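Asker: A structural model of the following input is requested.
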Amino acid sequence: MPSGSHFTTSSILAFISLSLIRGSFSVVIHFADLSYNSPSLVFLLRTPGTVILYICLLIFVARRDTELKHTFLNNLRNIHNYWKSAVMGFLQLAAPYLLFMYGLKVMSPTAGGVFMAAAPWTTVILERLPFIRQRSNLSPVKILAMIIGFAGVIMVSTSDVLMAVHSHVECPNYTNHTNMSFLSNRTNNSAMGSLVRNKCHKFPIPLIVRSLLALVGGCMMWSISSVFWRSYRGDIHFAVAGVWNNIFASCYALMFWVAMHRYENIDKVNWSKPDGIVSIIFLTVFSGWVAALIVDYMYRNVGPTATNRVLCLVPLFTWIEDWVFVREFKTLADSTLVVTEILGLVLVFAGLVTFSLEVEGFQNSLQTPLLSPTMDEEGNNGSSFNDGYREADDGATSEEEVENGSHTNFSHFPPLMEVKPIDIN
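Answerer: Got it, this is the predicted structure:
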């Protein structure tokens, strides 16, 4: 372990906890969608609680630190922060949530996990557009990592699409099957033939295609939000941004729910179903609020490079939870598709790990522990959340620093962006 490393038990626990929260996102979305039958309703139920938690955080911190209280007041007085939060509320919260919930109606949570992990790669691609001002360095190692990772995403997506195509259910009404797609009967056994003829494809092909495109769109939305925030973030504390982002996202969700109310069967919602209640609590408390606190702690204790490596474990945790809680090992019979999915996950993991390596010291990166800070990050003293909170935000910012751009505030969104050391200096 290199000297100056902050490889501690708390860092390991924070790393694993954040990985579990991110990895559970797609699985929780799946169960929430099944329970409430309305993506917009799920997001609408989740957001107010998150806003309240962020407000409680603001009050708690402001009472402990007068300088941060002054920072919060300055953030609230800055009109420019509101339009940025309005944009981020749509790009980072409302749009990805709704697209993922629509896509996971058909696609497996595993597919959702790999598309979440692919967000940094699509961000790098978007940064290459000619009108983007700030770009990340793109080395041959990172290009290779992206190729490997995207190959894995394609393999996982293909296997999940084929699983969806081959999935079938009992026909609800065998005599009335005008709009049903029946499985072909190629057996001479009359009993088996009768069984097969009463099986219908669970998902039509157009629905599968739209669901896959929804996951791609959700990934792209996170990438667009990442590019936008790097260009226009300004000086705003992450807790203040969390409040306004979620408030604007709630407005978008409400408008979408009103627009889609006539098309979504809200009457079938089971409000007392445990899966739905647990899902809303998880999305509200853990995914929407606790994850931000863990990211804050990890940035200051192990640095952004190690924190970004949380994404390496996200697809793996999602895959495990998917098979245990969603599929319940019922589709293991199709060994070819399962093997393809596993190989794709291996490629995604390899791409994420390779992409997170520091190109400037490639050999040293291979020998550095997962939670070891880079040379640019070793100046952090690893203080606790409350003691180091002022360092995270740099306290009150003078007008001169804001005007000349010398002050770069520390912020934690979008959650899947790759943060550079310069972002927190």
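Asker: which residues does whichever strand or helix holds Val353 contact?
Answerer: Using DSSP states H and E, Val353 sits within helix 335-355. For helix 335-355, the surrounding residues in contact (C-beta atoms under 8 Å, 6 or more residues apart in numbering) are 110, 114, 117-118, 120-121, 141-142, 144-160, 162-163, 309, 311-312, 315-316, 319, 331-332. In short, each C-beta sits where N, CA and C put it, glycine included.
Asker: quick one, which of those residues are buried?
Answerer: Buried members of the contacts of helix 335-355, counted by 16 or more other C-beta atoms under 10 Å: 110, 114, 117-118, 120-121, 142, 145-146, 148-153, 155-160, 162-163, 309, 311-312, 315-316, 319, 331.
Asker: filter the residues you listed down to the ones in helices?
Answerer: Counting by DSSP state H, those place 110, 114, 117, 120-121, 142, 145-146, 148-153, 155-160, 162-163, 311-312, 315-316, 319 in helices.
Asker: burial of Val353, as a residue count?
Answerer: Other residues within reach of Val353, judged by other C-beta atoms under 10 Å, total 18.
Asker: before we move on, what about Val348?
Answerer: 30.
Asker: where in this structure is pLDDT low?
Answerer: 1-7, 168-199, 265-267, 331-333, 358-425 (pLDDT under 70).
Asker: quickly find the element holding the residue nearest to Ser279 when sequence neighbours are not counted.
Answerer: Excluding the flanking residues, the one nearest Ser279 by C-beta to C-beta, 6 or more residues apart in numbering is Ala32, at 3.6 Å. Assessed by DSSP H and E, Ala32 sits inside helix 9-36.
Asker: please compute how far that helix lies from its chain's middle.
Answerer: 10 Å (C-alpha atoms, centre = their mean, to the nearest Å).
Asker: the residue nearest to Ser279 and Val269, how far apart?
Answerer: 11 Å (C-beta to C-beta, to the nearest Å).
Asker: which one's more surrounded, these two?
Answerer: Counted by other C-beta under 10 Å, Ala32 and Val269 do not tie: Ala32 has more neighbours, with 27 against 15.
Asker: OK, contacts around Pro96?
Answerer: 218-219, 221-222, 225.
Asker: inside helices: which ones of the residues you listed?
Answerer: 218-219, 221-222, 225.
Asker: how close does the residue most central in space within the chain sit to Ile12?
Answerer: Nearest to the geometric centre of the chain sits Met116, at 5.0 Å (C-alpha atoms, centre = their mean). Distance check for Met116 against Ile12: by C-beta to C-beta, it reads 22 Å.
Asker: quick revisit: ok, the residue nearest to the centre of the chain - contacts?
Answerer: 22, 25-26, 219, 222, 311, 314-315, 318, 416 are the contacts of Met116 under C-beta under 8 Å, 6+ apart.
Asker: over to Met101?
Answerer: 29, 32-33, 39, 42-43.
Asker: not counting sequence-adjacent ones, nearest residue to it?
Answerer: Nearest non-adjacent residue to Met101 (C-beta to C-beta, 6+ apart): Pro39, at 3.5 Å.
Asker: ok now do that neighbour, which residues does it touch?
Answerer: Here Pro39 is in contact with 33, 97-98, 101-102 (C-beta under 8 Å, 6+ apart).
Asker: need the residues that contact stretch 274-289.
Answerer: Residues outside stretch 274-289 that contact it (C-beta under 8 Å, 6+ apart): 21, 24-25, 28-29, 31-32, 34-36, 42, 45-47, 49-50, 53-54, 57, 242, 246, 270.
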